[in-house]
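[1] Next one to model:
(one chain, ligands or ions: 1)
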Amino acid sequence: MEEIGVLVVSYGSRGAALLDSLLRSREYKVNAYVADRQKNPFNVKNSKEHIVIPSLDPNEICKFAARHKEKIDFAVVGPEKPIIAGLRDLMEKKLRIPVICPTEKYALEKSKVAQRMLFQEVVPEVNPRFKVFDPKEFKSLSEVKRHLFKWLDELDNKVAVKPDMPAAGKGVGVWGDHFNTREELYEHFMANFKEGKVIVEEKIEGEESSFQAFCDGKHLVPLPETRDYKRAFDGDKGPNTGGMGSYKDVGYYLPFMDENDWEKEKKIVERIFNKLREGEFNPEIRGVPFYVAFIHTAHGPMILENNSRPGDPEIINLLPLLKSDFVEVCLRMIEGSLTRIDIEEKASVVTYKVPPSYGGYEEFFPEKVRREEIGTPIILDKAEKIASKYGDDVRIYPGSMEVRENKKFYALKSRTVCTVGIGNTIQEAREISLEVLRAIEGGGLWYRTDIASKEHISKSIKHMRKLRKDR
Ligand code: GLY
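    The predicted structure follows:
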């Protein structure tokens, strides 16, 4: 078997899933070099060389890659931070190692304002009504407040407040979810406005789905849709998180969508891609430049935001189902010859276990926190034993977890570990994912119990029917 060296830039379970998919190549023996946010036990165990770079700073990652330059054939990047900071530009220029992610110029994720402007030009129907508040355009805070409140009058307060830059200020806030009064909204707005531009846009009602596509700069290869569960608690309550779990149906779209929605989504993204491509082939748009949070409304799909990287957990639903060899897919993305990807017709469900400090759990449910367990090692043995009976229909991917010198695993601050269940139906996949997840011990970890539940899915279906009927 031919040997190939791959640098994986990892953050969390998504990085472990990317690495796992590379290592499962049937065509190549992969030697992995991992630049990681933490000592992820899966990555440490399965890489030839592993380094922790907590900042994921492109210069540091390049220094690590330079030490293994002769052995690395290409790099794959999961998290957005190094993509936005221009990792690909730097690595290709300095080391001539091809990198699978967009260049800084095409990292649309870096500016929500620029995204809205681009959509306005190419696919205006996906934009809600929005206004950009630019600190440079106002003379005083009272002027800002006046303009903001006038806009709120027009939209009857039903808005989403979004910082231009990812993770700036307080992040995205939504009327009715994160604030219920104008003063609370203003406080949220100001926390973002201090950092730069803020978009205030009409709150859209609908059902969310995540669109992702692999792209080689010439072709866009859409992957099946997934549904992310962003809110911390059951019933879509509580603060927003990175995503507590996600599901994929057997086919390409979700139970509350129809084929028409799916076709429309593909056309929308294709139009954006064609605009950015500016000609036949633009290799700078490589990787997963379009991971689009769609919202299905009474009037068709609209876009909440676009990310320029694979989704976490959404890509974890898909990688285990690739029939195409993932190394081959990566090589084709570099070459500009990725015309199709074969995917198993199966459902998958990802569920995460997270620490009590995550998602506001300690704050909202202090009585449920198992304090005596906090800080104890995470034990995967029982889960792995159960997983072994399901063979390839289950995966366990450590995320924000580290292996320490005593060889034991400990939870860090973010999503600790996820399990992926694969089945012939969503419910079958869900049962597997949950059975294995429940068997993960230690750390006082908790999880959402309604990810991909029949009740949750049927609520989405009913909601969508009502929206279409009331149209
Ligand atoms: N699932 C949310 C994200 O990856 O941004």
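[2] where does the stretch 201-350 of the chain come near the ligand, residue by residue?
    Residues of the stretch 201-350 of the chain lying close to the ligand by CB under 6 Å from any ligand atom are 228, 242-243, 307, 311-312, 314. Every residue, glycine included, has its C-beta placed from N, CA and C.
[3] Which residue, neighbours along the chain excluded, lies closest to the residue in the stretch 101-250 of the chain positioned nearest to the ligand?
    Among the residues of the stretch 101-250 of the chain, residue 243 lies closest to the ligand, at 3.4 Å counting by CB to the nearest ligand atom. Leaving aside its chain neighbours, residue 243 sits nearest to residue 228 (4.6 Å; criterion: CB to CB, 6 or more residues apart in numbering).
[4] Okay, and the beta partners of the one you found?
    With DSSP bridges as the criterion, the beta-bridge partners of residue 228 are residue 246.
[5] need the strands for the stretch 201-350 of the chain, in chain order.
    Taking DSSP state E, counting those that start in this stretch as the criterion, the stretch 201-350 of the chain contains strands spanning 207-216, 220-222, 227-228, 231-233, 237-240, 245-248, 286-297, 300-307, 347-353.
[6] helices and strands around the first one, which ones?
    Translated: strand 207-216. Packed against strand 207-216, as judged by 3 or more CB pairs under 8 Å, 6 or more residues apart in numbering; DSSP states H and E, are the following elements: strand 220-222, strand 227-228, helix 259-277, strand 286-297, helix 314-318, helix 326-335, helix 454-469.
[7] can I get the strands of the stretch 201-350 of the chain in TSV with mean neighbour count?
    Conversion of the strands of the stretch 201-350 of the chain to TSV gives the following (neighbours: other CB atoms under 10 Å):
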stretch	mean neighbour count
strand 207-216	24
strand 220-222	18
strand 227-228	24
strand 231-233	19
strand 237-240	16
strand 245-248	29
strand 286-297	24
strand 300-307	21
strand 347-353	30
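[8] Which of those strands comes out lowest on mean pLDDT?
    For the strands of the stretch 201-350 of the chain, the bottom mean pLDDT is recorded on strand 237-240, which sits at a mean of 90.
[9] for it, packing partners?
    Identification of packing neighbours for strand 237-240 by 3+ CB pairs under 8 Å, 6+ apart yields strand 231-233.
[10] Partner strands of the strand it packs on and their direction?
    By DSSP bridges, strand 231-233 pairs with strand 237-240 (antiparallel).
[11] Under the pLDDT cut-off, which ranges of the protein? List them.
    Across the chain, nothing is flagged by pLDDT under 70.
[12] Spatially central residue in it, please.
    When the chain is reduced to its mean C-alpha position, the nearest residue by CA atoms, centre = their mean turns out to be residue 311, at 2.2 Å.
[13] what's near enough to touch that one?
    With contacts defined as CB atoms under 8 Å, 6 or more residues apart in numbering, the neighbours of residue 311 are 14, 210, 212, 226, 228, 243, 246, 288, 291.
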